[in-house]
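# show me how the following folds:
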Amino acid sequence: MITNPSRDQIGELLNSSKRIAVIGLSDNPSRTSYSVSEAMQSAGYEIIPVNPTIKEALGVKAVSSLKEIEGKVDIVNIFRRSEFLADIADEFLNTDIPVFWSQLGVEDEAVFNKLTEKGRTVIMDRCIKVEHAVTR
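Take a look at the predicted model:
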């Protein structure tokens, strides 16, 4: 069973975070990944687009994988379908990023269990923009 952190814990996590790597961030302003990431960028977070099919998004050069990111990242925010979470989780475990966050409608109980057993914070099926708004 997937049990996300409490709203208070999510609020604390968002307050202490600065850099968010967004897997599946589109360069198309009509896509949800773009509008959510744009809102988070406007709220003061540094957004790092992770998408091998684009050159940049939100004025930031895109990288094709998490391992290409230099420096500390606080959250990986995922805009990919649930069936891709296992592969993304494997890549995520090869980093020191503490938080794995999948957007609304995106979840996988096996991935949740695997990552939490490894001591990582996992949030699934929640919109980071909504959580940011309600925990302020």
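
# count of neighbours near residue 64?
Using other Cβ atoms under 10 Å, residue 64 is surrounded by 12 other residues. Quick note: C-beta positions are derived from backbone N, CA and C, even for glycine.

# contacting residues for the residue nearest to it when sequence neighbours are not counted?
Nearest non-adjacent residue to residue 64, counting by Cβ to Cβ, 6 or more residues apart in numbering: residue 52, 3.6 Å away. Contact analysis of residue 52 by Cβ atoms under 8 Å, 6 or more residues apart in numbering lists 62, 64, 65.

# where's the first one relative to residue 86, distance?
To tie it back to what came earlier, the one meant is residue 62. 23 Å (Cβ to Cβ, to the nearest Å).

# more crowded one of the two?
Set side by side, residue 62 and residue 86 show more neighbours around residue 62, with 19 against 12, by other Cβ under 10 Å.

# pretty sure the more buried one contacts residue 33?
No. Assessed by Cβ atoms under 8 Å, residue 62 is found out of contact with residue 33, at 11.9 Å.

# find residues that contact each of those two.
residue 25.

# the most centrally placed residue in the chain bridge partners, please.
Closest to where the C-alpha atoms of the chain average out (Cα atoms, centre = their mean) is residue 77, at 0.8 Å. For residue 77, the beta-bridge partners under DSSP bridges are residue 22, residue 101.

# alright, that wraps it up for me.
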